[in-house]
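Asker: Structure for the following, please:
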Amino acid sequence: MNQKIFLIGLPGAGKTTMGLDLAVHLGIQFIDLDQDIEKSTKLSVSQIFEEKGEAHFRQLEKSHLEKIIAEIDSFVLATGGGTPCFFNNLETMQHAGATIFLNTPVAEIEDRLKLDTSRPLMKTNTLSELLEKRKGWYNQADHTIQVYKEILKLF
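Answerer: This is a model prediction of the structure:
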């Protein structure tokens, strides 16, 4: 059975950590969209933002998302925090599989990211501001979870 599961949510919400665990639980491939882009471009997400701009990054994100969907039958994909908010990415993901919003409390994420300087949009936005801008997209997910163990109950 083909399963395509897309994890969405704020930077630092736990998409990669939970995605890895869920993929192992389901016995399917795990992919981190940002890491896929970094491997292909040989640049970090921060470098892409700095050298080529956010618009270029969002184009790369869209094309990598579409390529993964087209080429891989079953996976858990940790998206970037902004992935569902650009182009028709959210619709593309929902058409291909299940979307899960990891609604991790902002205070918990802030604790995790205190020392992390690698997230480009965190230099110009607070997590609360990002959530306010993005929650309309996040809230359209097929499932919303707040507690880590809830994700395993879905599948």
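
Asker: Would you check how far apart G81 and K135 are?
Answerer: As judged by CB to CB, to the nearest Å, G81 and K135 stand 12 Å apart. For every residue, glycine as well, the C-beta is placed using N, CA and C.

Asker: Between the two, tell me which one has more neighbours.
Answerer: Per other CB atoms under 10 Å, whichever of G81 and K135 has more neighbours is G81, with 22 against 14.

Asker: Wasn't the more buried one part of a strand?
Answerer: No - with DSSP: H, G, I helix; E, B strand; the rest coil as the criterion, G81 is assigned coil and is not in a strand.

Asker: Any idea how many residues pack against the closest residue to it other than its chain neighbours?
Answerer: Among residues not flanking G81 along the chain, P11 sits closest, at 4.2 Å (CB to CB, 6 or more residues apart in numbering). P11 sits with 21 neighbouring residues when counted by other CB under 10 Å.

Asker: And for the one 3 residues further on?
Answerer: With neighbours defined by other CB under 10 Å, the count for G14 comes to 20.

Asker: Touching, it and L102? I think so.
Answerer: Yes - look at G14 against L102 with CB atoms under 8 Å: they come within range, at 5.6 Å.

Asker: Who are the contact partners of L22?
Answerer: Neighbouring residues of L22 by CB atoms under 8 Å, 6 or more residues apart in numbering: 5, 7, 30, 76, 151-152, 155.

Asker: helix/strand/coil for the residue nearest to G81?
Answerer: Three-state call for P11 (three-state DSSP): coil.

Asker: Can you read off the pLDDT for it?
Answerer: The predicted local confidence for P11 comes out at a pLDDT of 89.

Asker: wait, doesn't it sit right on R112?
Answerer: No - taking CB under 8 Å as the definition, P11 is not a contact partner of R112, at 9.6 Å.

Asker: ok so, going back, which ones among the contacts of L22 lie within strands?
Answerer: In strands, defined here by DSSP state E, the members of the contacts of L22 are 5, 7, 30, 76.

Asker: Make CSV from the residues you listed and add distance to N89 and pLDDT to it.
Answerer: Rendered in CSV, the data for the ones in strands among the contacts of L22 read as follows (distance: CB to CB, whole Å; pLDDT from 0 to 100):
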residue, distance to N89, pLDDT
I5, 15, 98
L7, 13, 98
F30, 19, 98
V76, 17, 98
